[in-house]
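Undergrad: Whatever this is, show me its structure:
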Amino acid sequence: MLRTFGMATLRGGSSLCVLAAFGLAAGTIQAANAAVTISADATKNMDCSGGVCVPTAAKAVLNAGDLETMLASGNTTVTTTGSGAEAHDIVVSAPLAWTASTTLSLDAKHYLAIDKGVSVAGTGGLALTDNGAPDSLTFGTGGSVTFANLSSALTINGPAYMLVDTIATLASAIRSNPGGDFAFAQSYDARKDKTYSAPPIATAFTGTFEGLGNTISRLKINDAADSEVGFFAFVDGGSIHDIGLANAKVTSGASSVDLGVLVGYFYGGSSGPGGTITGSWSTGSITDTATTYAQVGGLVGSACNSGAGYPADEINGSHSSVSISGGEYNFAGGLVGYSCGTGIIENSYATGKVTAGDGSYAGGLAGASTAYVENSFATGPATTGNAAQGSPPPSAGGLVGYNYGVGTSPGTIMNSYSTGAATGGTGTNVGGMVGYSFDGTISDSYSTGAPSAGSGSYVGGFIGDDGSAALSDTYWDTDTSGISNLGQGAGNISNVAGITGLTTAEFQSGLPAGFAKNIWKEKSKIDNGLPYLIANPPPK
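TA: Take a look at the predicted model:
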């Protein structure tokens, strides 16, 4: 169902500035920073006594084998605060496992990164403490926490989490307690569940789900009737963290549907801090077979809040590589179909192919956005169909199809980029970055993809149709885009201020004017020497 709300022009503080200040990439904390690193190296600058390990210097190492030995005989706490020393973060960079019925407590002042497997192989417990921000617990590639026994204790920043190991158990637990705290105890192959004819988690979820870096693979949903379809149908102010959905196949036959692999409709809530999705990802395919009026996203169908005075929904440090096939009048995006209100997409990316029918808005990251997109990128192609009778011109953009920023709608894109081709049919708006921007603000961003469209269309190197957007320090690649006319940054107006065409060599020669060095970086071996985001680097 298409939802529109009044939007606020101001937003709260972002965790992005914190990440940048510590030089952290989303999903991983660099061990080079002040940290206690649990690794295969010899223990160094650590004092362990009485079951408590504290650092004696800002950079310290605790050997994983030494820690396992301590856990074999009693409860053990690892903290970042020692006598006259503060290490700030804890990084688990070596596998860790124990079978004793003892509890490991990891207590970090700032961030806690689990980059290798942590296995509670017996009946022991785990207590995790960080600074409490939604993105301060991260799982790197290969990092996860698994529990052999569902009766084991897990606490995260105080609250106790119920451990589950199947989708059915999770669904039942949420039906009984929609506002509870739940965690997935291990990865799960959903092929054994066969095909779901309705969302597995159909109850409106208001609590917290922690995936612990685990993966649900081969989820299959074929829903012909529901208006909100995904692993979670509707998240109402709740939060989802650190879960992967691999090789999912999601299909909807309903009109006016919010359709996503992880969440159909993600709402910030009417009170409280607002819902968050962090550290989560999806791969596979998603298809809208009803052909009309759908919000289709590789991770989330619709991500919205009610505007001014309401909590913002936030998607942070997440990504998707899903092939999307949408119908007519769709909002289709590689990560999110429709991002509205004062919601936030940051430190996230999408790589999947996005295809939508006539009258649609298609974007590599978001089909349509009236909210905030920051420190994010898209690499997949985005395609929309022809103009349809009685509808606004369909639009396709490498990052966002339709960016709207009028009145209380911020429509802000900043520190972002796209590399995928954008394609439209007849009578469309197509741009390397944005198909159509109705007012809004776009800054410190660039595109390299090749835009193209049929007759009667507006095609621009950066924006297809510029509807008076506030533009500053935005760029497109005149070589890779196929648009070398320096006046064609926008397709509908020549020489729009704030858009500049650069050759590939000019991009590679140094950061474009206005790109902050604490946010952007260039290296010859990363992304062909083009600018990339320090806090959100391209996947290897």
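
Undergrad: Please tell me how far Ala148 sits from Ser119.
TA: Using CB to CB, to the nearest Å, Ala148 is found at 8 Å from Ser119. Bear in mind the C-beta positions are built from the backbone N, C-alpha and C, glycine included.

Undergrad: ditto for Val257
TA: Distance of Val257 to Ser119, given as CB to CB: 39 Å.

Undergrad: For the two, indicate the residue with more neighbours.
TA: It is Val257, of Val257 and Ser119, that has more neighbours when counted by other CB atoms under 10 Å, with 30 against 16.

Undergrad: Locate Ile174 within the secondary structure: which element?
TA: helix 167-176 (DSSP states H and E).

Undergrad: Please apply the same query to Ser321.
TA: Here Ser321 sits within strand 319-325, counting by DSSP H and E.

Undergrad: packing partners for that strand?
TA: strand 281-288, strand 292-297, strand 349-350, strand 354-355 (3 or more CB pairs under 8 Å, 6 or more residues apart in numbering; DSSP states H and E).

Undergrad: Mind checking what secondary structure Asp66 has?
TA: helix (DSSP: H, G, I helix; E, B strand; the rest coil).

Undergrad: Now do the contacts for it.
TA: By CB atoms under 8 Å, 6 or more residues apart in numbering, the contact list for Asp66 reads 43, 48.

Undergrad: Show the model's pLDDT score for it.
TA: On pLDDT, Asp66 comes in at 98.

Undergrad: Would you mind measuring from it to Ala113?
TA: From Asp66 across to Ala113, the span is 19 Å (CB to CB).

Undergrad: One more: Asn316?
TA: Separation of Asn316 from Ala113 (CB to CB): 15 Å.

Undergrad: any low-confidence regions in the stretch 201-350 of the chain?
TA: Applying pLDDT under 70 to the stretch 201-350 of the chain picks out residues 291, 307-309.

Undergrad: Just give me the neighbour total for the closest residue in space to Tyr196 that isn't next to it in sequence.
TA: Leaving aside its sequence neighbours, Tyr196 sits nearest to Ile221 (CB to CB, 6 or more residues apart in numbering; 4.6 Å). When neighbours are defined as other CB under 10 Å, Ile221 has 24 of them.

Undergrad: Could I get the contacting residues of Ile221?
TA: 195-200, 229-231, 248-251.

Undergrad: These into a markdown table, with extra columns for neighbour count and distance to Asp47?
TA: Formatted as a markdown table, the contacts of Ile221 follow (neighbours: other CB atoms under 10 Å; distance: CB to CB, whole Å):
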| residue | neighbour count | distance to Asp47 |
| --- | --- | --- |
| Thr195 | 13 | 55 |
| Tyr196 | 19 | 52 |
| Ser197 | 11 | 58 |
| Ala198 | 14 | 55 |
| Pro199 | 21 | 50 |
| Pro200 | 19 | 47 |
| Val229 | 35 | 53 |
| Gly230 | 34 | 48 |
| Phe231 | 26 | 45 |
| Ala248 | 24 | 47 |
| Lys249 | 17 | 52 |
| Val250 | 31 | 51 |
| Thr251 | 19 | 57 |
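
Undergrad: Where do the helices of the protein begin and end?
TA: Ranges of helices within the chain are 15-22, 64-73, 167-176, 504-508, based on DSSP state H.

Undergrad: The ones you listed into CSV, with extra columns for distance to Ile413?
TA: Shown next, in CSV, are these (distance: least, CB to CB, whole Å):
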stretch, distance to Ile413
helix 15-22, 14
helix 64-73, 43
helix 167-176, 34
helix 504-508, 19
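
Undergrad: between those helices, which gets nearest to Thr370?
TA: helix 15-22 (19.7 Å; CB to CB).

Undergrad: quick one: average pLDDT of that closest one?
TA: Mean pLDDT, helix 15-22: 32.

Undergrad: Ramachandran angles for the residue nearest the centre of the chain?
TA: For the chain, the residue sitting closest to the mean C-alpha position, by CA atoms, centre = their mean, is Ser318 at 2.3 Å. With angles defined as degrees, to the nearest 10, Ser318 sits at phi -120, psi 160.

Undergrad: wait, it sits on Val336?
TA: No. The pair Ser318 and Val336 does not pass the contact test of CB atoms under 8 Å, sitting 9.7 Å apart.

Undergrad: Could you list the domains of the protein?
TA: Following automatic domain parsing, one gets these domains for the chain: 15-19+161-533, 26-156.

Undergrad: Just name the most buried of the ones you listed.
TA: Ranked by mean neighbour count, the domains of the chain are led by domain 15-19+161-533 with a mean of 24 (mean count of other CB atoms under 10 Å).

Undergrad: and that domain, how far out from the chain's middle?
TA: On the basis of CA atoms, centre = their mean, to the nearest Å, domain 15-19+161-533 sits 9 Å off its chain's mean C-alpha point.

Undergrad: hang on, the earlier thing: minimum distance to Gly363: which of the helices of the chain has it?
TA: Counting by CB to CB, and looking across all of these, nearest comes helix 15-22 at 20.7 Å.

Undergrad: what residue ranges in the stretch 1-150 of the chain score low on pLDDT?
TA: Residues of the stretch 1-150 of the chain meeting the criterion pLDDT under 70: 1-32.

Undergrad: which ones are touching the residue nearest to the centre of the chain?
TA: Per CB under 8 Å, 6+ apart, neighbours of Ser318: 277-281, 299, 335, 348.

Undergrad: again, only this time at 6 Å
TA: Applying CB atoms under 6 Å, 6 or more residues apart in numbering, we find Ser318 in contact with 277, 280, 348.

Undergrad: In CSV: those, plus distance to Thr370.
TA: Compiled in CSV, those are given as follows (distance: CB to CB, whole Å):
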residue, distance to Thr370
Ile277, 18
Ser280, 23
Ser348, 17
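
Undergrad: closest one to Ser418 among the helices and strands packed on strand 319-325?
TA: strand 349-350 (9.6 Å).

Undergrad: Direction included, what does that closest one pair up with?
TA: strand 319-325 (parallel), strand 377-378 (parallel) (DSSP bridges).

Undergrad: longest strand in the protein, by residue count?
TA: Criterion DSSP state E: the longest strand present in the chain is strand 239-252.

Undergrad: So what are the sheet partners of that strand and their directions?
TA: Short version: by DSSP bridges, strand 239-252 pairs with strand 208-217 (parallel), strand 220-223 (parallel), strand 276-278 (parallel), strand 281-288 (parallel).

Undergrad: what's the third one in contact with?
TA: Translated: strand 276-278. 134-135, 239-241, 314-318.

Undergrad: before we move on, the earlier item: what does the helix holding Ile174 contact?
TA: Applying CB under 6 Å, 6+ apart, the external contacts of helix 167-176 come out as 162, 164, 182, 200-201, 203, 205.

Undergrad: can you list these in TSV and add distance to Asp527?
TA: Shown next, in TSV, are those (distance: CB to CB, whole Å):
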residue	distance to Asp527
Met162	42
Val164	39
Phe182	37
Pro200	36
Ile201	36
Thr203	42
Phe205	36
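
Undergrad: From the residues you listed, which land in strands?
TA: Those of the contacts of helix 167-176 lying in strands (DSSP E): 162, 164, 182.

Undergrad: List the contacts of Phe266.
TA: By CB under 6 Å, 6+ apart, Phe266 lies in contact with 235, 300, 303, 313.

Undergrad: In strands only, show me these.
TA: Per DSSP E, strands hold the following members of those: 235, 300, 303.

Undergrad: export the residues you listed to a markdown table and tack on distance to Thr408?
TA: Output for these, formatted as a markdown table (distance: CB to CB, whole Å):
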| residue | distance to Thr408 |
| --- | --- |
| Val235 | 24 |
| Val300 | 22 |
| Ala303 | 17 |
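
Undergrad: Which residues are in contact with Gly275?
TA: 235, 237-239, 268-269, 313.

Undergrad: Same question for Leu262.
TA: Taking CB under 6 Å, 6+ apart, one finds 230-231, 245, 282, 299 in contact with Leu262.
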